[in-house]
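Undergrad: A structural model of the following input is requested.
(3 chains)
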Amino acid sequence: MMRYARPESLDEAVAALADGDATVVGGGTMVVPDMTHGRTRPAAVVDLCRAGLGGIEADGTGWTVGAMTSYAVLERSLVPLLARVAHGITGGPQIRHRGTVGGSACYANPGSDIPAVLVALRARLLLVGAQGSREVAARDFFRDAFETLRRPDELLATMRVPAVELPFGYHKFKLAEGSWPIVTAACVAGERLRVAVGGAAAVPLLLDLDRPSVGTADPAWRDHVRHEVARALSDVGGPFDDVLAPGAYKARIAPAIVARAVADALQAYSGEESA
Amino acid sequence: MTSAPVQEGRIGASPRKRDGATLLTGRALFLDDYAPTGLLHAVVVRSTVAHGRILTIDTAAAEGSDGVVLVLTGEQAAQHAGPVPYFIDPAARGGNRTDIRCLQVDKVVHHGQPVAAVVAGTRLQAEAAARLVEVEYDVLPHVLDATAAMAPDAPRIYEDWPGNVITHNRYGSGDADSRLAESDVVVSGELHIGRTTTSPIEPRGYLASWADDRLTVHASCQNPHQMRWMLSVSLGIDESRIRIVTAKVGGSFGLKMQGHPEETLIALLSILTGRPVKWIEDRRETLMAGAREQVHRFRVGARRDGRILGLVNEITADVGALTAQAGWAMPNMSATTQPSGYAVQDCRIELDIVCTNKPPLNAARGFGKDAAHFVMERAVDLVARELDLDPADVRRINFIPTDEFPYRTSTGLNIDSGDFHGLLDKVLDAVDYPALRERQQAARAEGRCLGIGLGFELTPESSDSPGTFVSGFDTTTVRMSVTGSVTVLTGVTSPGGGNDTGLAQIVSDEIGIPIDWVELVQGDTDRCPNGFGNFSGRSMVVGGGSATLAARDVRDKLVDAARRLMGLGEGDEVTIGDGVVSAGGTSMAVPDVARGLLTRAFAIGDIEPVLESTRAYKPGNINHVPDELGRIQPYPTYSSSLHAAVVDVDPETGKVTLLDYVMAHDCGTMINPALVEGQARGAVTMGLGSALSEQLRFAQDGSLASNRFKSYLLPRAGDVPLLRMLHQVTPSPFTMHGNKGAGEAGVGGAQASVANAVEDALASYGVTVDRVPLNPPAVLDLMDAAMAASDGGAR
Amino acid sequence: MSCPLRLTVNGVPRCVEVETQTLLVHAIREQVGLTGTHVGCLTGDCGACTVMVDGETTKSCSVLALSAEGTEVETVESIADGDELHPVQEVFWDEFAFQCGFCLPGMLLTAKELVEQQPDADEGEILRAINGNLCRCTGYNTIVAAVRRVVREARAERGAG
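TA: Numbers count the residues shown, from 1 in each chain, chains lettered A, B, ... in the order given. The predicted structure follows:
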């Protein structure tokens, strides 16, 4: 029978993971169906439902988001971008109540909103293990589809999101209401545009873009976006195929999705209708 | 349509669904809610290869696993159970057949085919043990595409067949090829209809209990009487010792018509263990059941004014592996339902029904008829485009004139009634067609891709197929008790649509009693008269017709008894309404009449004291005597509908957004309009799903890739606009109340109107739609193809 | 081997035995014996298994039963007050917002939660609430109409009160 632990604190959770053979259950919305359908057959699970890892703390320099913070809590918070993305999570209130931002980060599904948003926000992830703790940048955390830097004996405890004084925008493209996100783009608009693209590749793409001088429909700026997307894709070994859409399709629409996220950010900035 | 108010509960009113209270409170019992004492759970071990010879099955580890009571292989099963009889035997249609087994014996022909079964004390134990069954295969080459399967050197799925084709048939009359040669224009096209699945939210399930030499099977199924016969044949048990009870069914849409291997299998497992055994399908298993997949290559010839003269259509249908379920036969209706509602007497339709190493097609709402309209609606739009005519006008000039019904089509169908021009007018009015076209021009000027698509759909319903269990009649018993309450026992079943409510309306209306005096019993072969369950929009046509006949018998007897009890003369007019018998200023409550007849039988004279009648109803218009061209006429009624879809297409991503949708529907007399609209909206939404998002995809090894609802995209609330419903009523002359089937119309109309709208939206790109689903990647592919064609100087 | 699970279901404290891998939906249906909660997919996609856990709608197929230790669970059976249907149920019935009824646990509980928590829900919020539930019968129009009416009537009642 599968061993089951329901630790009541971070320390207990870390201790329960020390053997390294346990699957961590956060909200369970991904991991539990995987177990049900035999895609994973863990010898043990560590269930974080009582470990006290939820909640959001603000200070002068940003936010500390507990790994077990649900989308529902997040969408009612003031954490930039993440609150808005949480509002748009697919699957109904049932999933937003249960699904956690830390769980989504650790599951690292390319077709998920969270990884690219954490990258766009320059979040830093605190991993805690029996050997000690370490903080890693979101950009480094996502190694491949469904693979992260987290070791089996480690736990994602919190995500540190620095304050964002700049306008931001988001665009998510799905095939239909019930599909995974196919391509997402999160934009933080400063002197330059920091855009993280999700879904297109196995890991989020990070783009450093010029601001459009005429508008996001400007063909010259679009060429620039296309070029930067293509370069970023080739840096990570090309686009990611899944059952819903071939990688080539994602690569093709990614520049348009980026442009929409940028337009969204610039509109937020200027308060004006963007091209 | 009459605007006179209809009295609550009567025919034409919309009383609420009578099972509402139990469903809304969670008290309704679906199949998985039954858990008799001693229950065991079964899990099916399925093939992990698409095509292969079974070399060995090692069950030792599974047998030793916790809680396991029985592990059964195909070889063992074959010692106890014969082949599963076909719902529609291909041999009866001159086709190739094979024995269908509840567990495969020598060979598997699709990924996921049942090869063994495990029975254990709990589901978790059975699942764990099933993973321990080791099957060794000699893997054979497989083929997943119908065209490839027709190649001479294709892997042979059934080795004793000459190829992989079940049947090749030609349909239609006249001389289509000559008409095409004479035409001013000939347009040709292709239509690839992707593989979809019905996917009711409740999966299939069976609970078999073998006790005292009797077999009782609770099933989530549509056709309990046919299932009883089928189990009797496959298990060699007399029908009188088998009882089938359909539990509350959580949606079906054709999937739960019987013929599935698990029906025989679960019954056999109960016989072998002597305990009740339950099997509930996993969603990944449900999603294997195909609903449609075919390719049409068509040519139509037309005069310059848009009048279509001839049609040639070659259909290649991929039904996957052969099944005893009715699904393999659906493409026949894709052929026979052409040329839909158009007066085209010269048609040549060639149909190949082809097996591949995919899971079987199972019966699905639309039953192949959807594809007939889809291809005709594409053809009509292509003619309009070629001749630069308005698609609405081309429909108008080609529709069967209203004064020509009943109308015999080129394929032999005898369309009972309709007013197709009237439907078109209603829809064009509803969308304000001229204004919409102007809006479209304005949108185009802004760079938006707005499209309008029309789709006509003719839905033959309530079919009868001679020599099969696709029956065009049904039987109902109406029984009044001594208290005046009525029990209706009927052979038709309800998978959720609500025909129980409609039948109660008919019986209460016909007798003249309040609807809440009426109880319905459906889906129990020990209680209900012989019947055929639910399919082909038949339940209100033949269930309603037989209930009417039986109710009228009971009413006649009440009137006769009331005359005697009230001392009336033969000439006095007697009415029954709201539970009261009235005549010439006097009245008597119906319960008093019933009690009088049943308790004073000898006192009131020469009258047979029975307030019960069992009647069968055979609607008109069915004709199985082949005409001079060998055509038969298997449907009494033909519903019709016209659909308009307005879409916006995003040319950057290919995403189609529905802006408006109108359906004008004519199913003759509506017994309960709200239930009719429920059926229509459900069918349209199923069509929208198959037009835009739903597609079963298989990995190269033949395993199902779209195996959950995140990869098989059913429409969700946010995907579906308000589906505006309009009604037209042209009563059928051939049914009891003038009603026509109302369960299927919408699938083909939705596919066609959306496909036509997408092509219209992308007209400036020169796009020709040749496939569904039109998901965003597919739309961009079509735009690329159009671009390549114009770059290549095809003009 | 099994573990005890203590939780409150529809106001009644319960202690049942489950396996460590038992799902909450199966514990409710099989150990507690309330079968109004349905199993449609076991992937968290269809919503037929929806229950309230500590006052929040949850897809109970995606929760280990042991995760619900000590929680208060409410199921579809709790919505009506004895024989008296809740307004959400009455309106769903009036509006033909179900056919086979298999999806109702999710539809009713999300609709009820919406009207209680967001009494000013607009069309977009209504869709966002029920998008997590699949229905294959109705095409959703009548469900949306029912939820819209529930919201409207609740708002009117509040205004009147």
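
Undergrad: so B:Asp177 sits in a helix?
TA: Yes. Assigned with DSSP: H, G, I helix; E, B strand; the rest coil, B:Asp177 falls within a helix.

Undergrad: dump the residue contacts of it.
TA: B:310, B:312, B:348 (C-beta atoms under 8 Å, 6 or more residues apart in numbering or on different chains). Using the backbone N, CA and C atoms, a C-beta is placed for each residue, glycine as well.

Undergrad: Check for me that A:Val65 belongs to a helix.
TA: No. Counting by three-state DSSP, A:Val65 falls outside a helix, being strand.

Undergrad: Pop out the phi and psi values for B:His41.
TA: phi -120, psi 140 (degrees, to the nearest 10).

Undergrad: before we move on, the earlier item: can you pick the most crowded of the contacts of B:Asp177?
TA: Among the contacts of B:Asp177, B:Gly310 has the most neighbours (other C-beta atoms under 10 Å in any protein chain shown), with 27 neighbours.

Undergrad: Show me what it is bridged to.
TA: B:Gly301, B:Asp346 (DSSP bridges).

Undergrad: Let's see the pLDDT reported for it.
TA: With respect to pLDDT, B:Gly310 scores 98.

Undergrad: Surely it and B:Ile349 touch.
TA: No. Counting by C-beta atoms under 8 Å, B:Gly310 stays clear of B:Ile349, with 11.4 Å between them.

Undergrad: the helices in the chain, which residues?
TA: I'll assume chain A. For chain A, the helices defined by DSSP state H cover A:10-17, A:31-36, A:71-75, A:82-87, A:92-98, A:101-107, A:114-120, A:138-141, A:219-235, A:247-270.

Undergrad: Chain C, not that one
TA: Using DSSP H, helices in chain C cover C:24-26, C:87-94, C:104-117, C:123-130, C:141-160.

Undergrad: ok, the residue in the stretch 301-450 of chain B that chain C sits nearest to - contacts?
TA: The nearest approach of the stretch 301-450 of chain B to chain C comes at B:Arg365, 10.0 Å away (C-beta to the nearest C-beta). In this structure, B:Arg365 makes contact with B:198, B:253-254, B:291, B:683, B:686, B:743-744, B:747, judged by C-beta under 8 Å, 6+ apart.

Undergrad: Out of the residues you listed, who's the most crowded?
TA: Going by other C-beta under 10 Å, B:Val747 tops the contacts of B:Arg365 with 33 neighbours.

Undergrad: Would you agree it is in contact with B:Ala371?
TA: No. Using C-beta under 8 Å, B:Val747 makes no contact with B:Ala371, being 9.3 Å away.

Undergrad: Tell me the residue of chain A that sits nearest chain C?
TA: When distances are taken as C-beta to the nearest C-beta, chain A reaches nearest to chain C at A:Gly92, 1.5 Å away.

Undergrad: My guess is that residue contacts C:Leu127. True?
TA: No. Using C-beta under 8 Å, A:Gly92 makes no contact with C:Leu127, being 10.1 Å away.

Undergrad: mind checking how far the spatially most central residue of chain C is from C:Cys100?
TA: Nearest to the mean C-alpha position of chain C, by C-alpha atoms, centre = their mean, lies C:Leu109 at 3.2 Å. Between C:Leu109 and C:Cys100 the computed distance is 17 Å (C-beta to C-beta, to the nearest Å).

Undergrad: Please list the residues of chain C that sit near chain A.
TA: Counting by C-beta under 8 Å from any C-beta of the partner chain, chain C comes close to chain A at C:1, C:3, C:19-21, C:23, C:42-45, C:47, C:50, C:56-59, C:61-64, C:66-67, C:69, C:106, C:110, C:113-114, C:128-134.

Undergrad: Name only those of the residues you listed that count as buried.
TA: With neighbours counted by 16 or more other C-beta atoms under 10 Å in any protein chain shown, the residues of chain C next to chain A contain buried members at C:19-21, C:23, C:42-45, C:47, C:50, C:56-59, C:61-64, C:66-67, C:69, C:106, C:110, C:113-114, C:128-134.

Undergrad: Of these, which ones also sit close to chain B?
TA: Contacts with chain B within these, counted by C-beta under 8 Å from any C-beta: C:19, C:21, C:42-43, C:45, C:128, C:130-131, C:133-134.

Undergrad: how about those residues in TSV, adding pLDDT?
TA: Shown next, in TSV, are those (pLDDT from 0 to 100):
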residue	pLDDT
C:Glu19	95
C:Gln21	95
C:Leu42	98
C:Thr43	97
C:Asp45	97
C:Arg128	97
C:Ile130	97
C:Asn131	97
C:Asn133	98
C:Leu134	98
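
Undergrad: Report the two of those residues separated the most.
TA: For those, the maximum inter-member distance is 35.1 Å, found between C:Glu19 and C:Arg128 (C-beta to C-beta).

Undergrad: Output the longest helix belonging to chain B.
TA: helix B:544-566.

Undergrad: and the residue of chain C nearest chain A?
TA: Taking C-beta to the nearest C-beta as the measure, the point where chain C comes nearest chain A is C:Gly132, at 1.5 Å.

Undergrad: Quick check: chain neighbours aside, which residue is closest to that residue?
TA: Distances taken as C-beta to C-beta, 6 or more residues apart in numbering or on different chains place A:Gly92 nearest to C:Gly132, at 1.5 Å, with adjacent residues excluded.

Undergrad: While we're on that neighbour, how confident is the model there?
TA: If you check A:Gly92, the pLDDT there is 96.

Undergrad: With B:Ile100 instead?
TA: pLDDT, B:Ile100: 97.

Undergrad: repeat for B:Ala794
TA: Note on B:Ala794: pLDDT of 44.

Undergrad: B:Ile576 reaches B:Glu510, doesn't it?
TA: No. In this structure, B:Ile576 is not within contact of B:Glu510 by C-beta under 8 Å, at 9.4 Å.

Undergrad: At the contact with chain B, which residues of the stretch 1-150 of chain A appear?
TA: Close to chain B, as judged by C-beta under 8 Å from any C-beta, the stretch 1-150 of chain A has residues A:37-38.

Undergrad: Tell me where the stretch 1-150 of chain A is predicted with low confidence.
TA: For the stretch 1-150 of chain A, not a single residue meets the criterion pLDDT under 70.

Undergrad: residues from it in reach of chain C?
TA: Close to chain C, as judged by C-beta under 8 Å from any C-beta, the stretch 1-150 of chain A has residues A:1-4, A:6, A:25, A:27-29, A:32-33, A:35-37, A:45, A:47, A:49, A:72, A:90-95, A:97-98.

Undergrad: Try it again at 6 Å.
TA: Proximity of the stretch 1-150 of chain A to chain C, by C-beta under 6 Å from any C-beta of the partner chain, involves residues A:1-2, A:4, A:28-29, A:32-33, A:36, A:47, A:49, A:91-94, A:97-98.

Undergrad: Buried only: go through those residues for me.
TA: Buried among the residues of the stretch 1-150 of chain A next to chain C (16+ other C-beta under 10 Å): A:4, A:28-29, A:32-33, A:36, A:47, A:49, A:91-94, A:97-98.

Undergrad: now those as TSV including distance to B:Gly174?
TA: Output for those, formatted as TSV (distance: C-beta to C-beta, whole Å):
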residue	distance to B:Gly174
A:Tyr4	72
A:Gly28	63
A:Thr29	59
A:Val32	61
A:Pro33	56
A:Thr36	57
A:Asp47	71
A:Cys49	71
A:Gly91	54
A:Gly92	54
A:Pro93	59
A:Gln94	58
A:His97	63
A:Arg98	62
